[in-house]
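> got a predicted structure here, sequence first:
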Amino acid sequence: MPTQSAPDDAAPVPAAKPRAAIVYNPSKSGVDELKKAVRQAEKDHGWGPSVWLETEVDDPGRSMAEKAVAMRVPLVIAAGGDGTVRSVAEGLRGTGTAMGIVPAGTGNLLARNLEIPVNDVALALEIAFAGAERRIDALLVDVTRPGSETERHVSLVMSGVGIDAAMISNTDPELKKRVGWLAYVNAGLRILPMSKPFHLHYRMEGRHSHRVRVATVLVANLGVLPGNIELIPDAVLDDGLLDVAVLQPKNAWGWLMIWRRVAWENRVLRKTVMGRQLLDLTGGDKRSEMVYLRGTGIELRIEEGVQELEIDGDEFGFVTAVGFSTDAGALLMRVPKES
């Protein structure tokens, strides 16, 4: 009896559906809504059930992201604020794994600058599962503590040494829950009268060291804050450079000039040719109260004592020195297709 051979047109084995990993804080409100929206996005785009990874108090996302990379999922979604996004990015940096964001914090600065909606979970997931891809830079933050201990962190948004960090650490958490980023304004008004300038040495990579008396130094990967405040208007997420603002007002008038520059010159005058010409004529970009710098790295060393440090809106304690450098194109982000 002749043997039967398998038909040539045997059905192929269906490919496994891709799966995403969702890194989320279980203590945040809206988790049930998030899970429901994720299930719908999986269905809409033909993805398998996502892997859900909860953050912990002492680990807001890094090890969860590393676990997702080890599982070889093609997409990791950070559901949280800038702190969660930053920590997840630490685990994804340089891996080539795509990262999406579902904003759920106070500032959501990275999401805003990537044009990811901050009040629409379904649309944020649509972008995460099916958006375009854009590589952005990460900033490496090398910290030196008072006892000479060193550690490294990642910044995606903006970090500060001085009054900016003191404002973050003195923000009322309950007020922050109620009014969002305006709570930082309240803290700033309380801190400003008590703040004292301090001396530090800074050196941009490849340049000479400078000694300055400052109120704060900000190191940024982007420049637009909530309320459309353009603090550092030339900062770009994917230019391979970091942008620095050295704030050195001598008195209340100096603070007023800084506010005028941020609220009027950066936001209005710099937008037009005539406005820029006016700034050139009046020397608006050369006033000493606020100095802008740009490069691939900067080292800050406190001359005496210590100063507070904040990274992406989270307090990071006291430091004696801190260095920043760019890791160009380190993160592969999902962004709106029209961006």
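Cool, got the structure.
> confidence score at Val335?
Per-residue confidence (pLDDT) for Val335: 98.
> wait, I meant Arg135
On the pLDDT scale, Arg135 gets 97.
> now Met99
Note on Met99: pLDDT of 98.
> contacting residues around it?
Residues in contact with Met99 (C-beta atoms under 8 Å, 6 or more residues apart in numbering) are 75-78, 88-89, 92, 331-334. For the C-beta atoms, the positions are set from N, CA and C on the backbone; glycine is no exception.
> quick check, Asp142 in contact with Val319.
No: with contact defined as C-beta atoms under 8 Å, Asp142 does not reach Val319; the gap is 10.1 Å.
> give me the number of residues near Ala16?
Applying other C-beta atoms under 10 Å, we find 7 residues neighbouring Ala16.
> find the nearest non-adjacent residue to it, please.
Distance criterion C-beta to C-beta, 6 or more residues apart in numbering; nearest residue to Ala16, sequence neighbours excluded, is Gly48 at 7.0 Å.
> kindly report the same for Ala122.
Of all residues not flanking Ala122 in the chain, Ala37 sits nearest, at 5.2 Å (C-beta to C-beta, 6+ apart).
> what about the one you found, distance to Pro26?
Distance, Ala37 to Pro26, using C-beta to C-beta, to the nearest Å: 16 Å.
> quick one: which of the two has more around it?
Between Ala37 and Pro26, Ala37 has the larger neighbour count (other C-beta under 10 Å), namely 20 against 9.
> next secondary structure after the host helix or strand of Met99?
Counting by DSSP states H and E, the element that carries Met99 is strand 98-103. Later in the chain than strand 98-103, the nearest helix or strand by DSSP H and E is helix 109-113.
> contact partners of stretch 141-155?
With C-beta under 8 Å, 6+ apart, stretch 141-155 has contacts from 86, 89-90, 93, 138-140, 159, 219, 221, 306, 309, 311-312, 316-325.
> try it again with 6 Å
89-90, 138-139, 306, 311-312, 319-324 (C-beta atoms under 6 Å, 6 or more residues apart in numbering).
> where are the low-confidence patches of the chain?
1-15, 170-194, 226-227, 264-287, 339 (pLDDT under 70).
> make sure I have this right: Thr95 is in a strand.
No: according to DSSP: H, G, I helix; E, B strand; the rest coil, Thr95 belongs to no strand; its state is coil.
> what number of residues lie near it?
Neighbours of Thr95 using other C-beta under 10 Å come to 17.
> so the closest residue in space to it that isn't next to it in sequence is in which element?
Leaving aside its sequence neighbours, Thr95 sits nearest to Val69 (C-beta to C-beta, 6+ apart; 5.1 Å). Per DSSP H and E: Val69 is located in helix 62-70.
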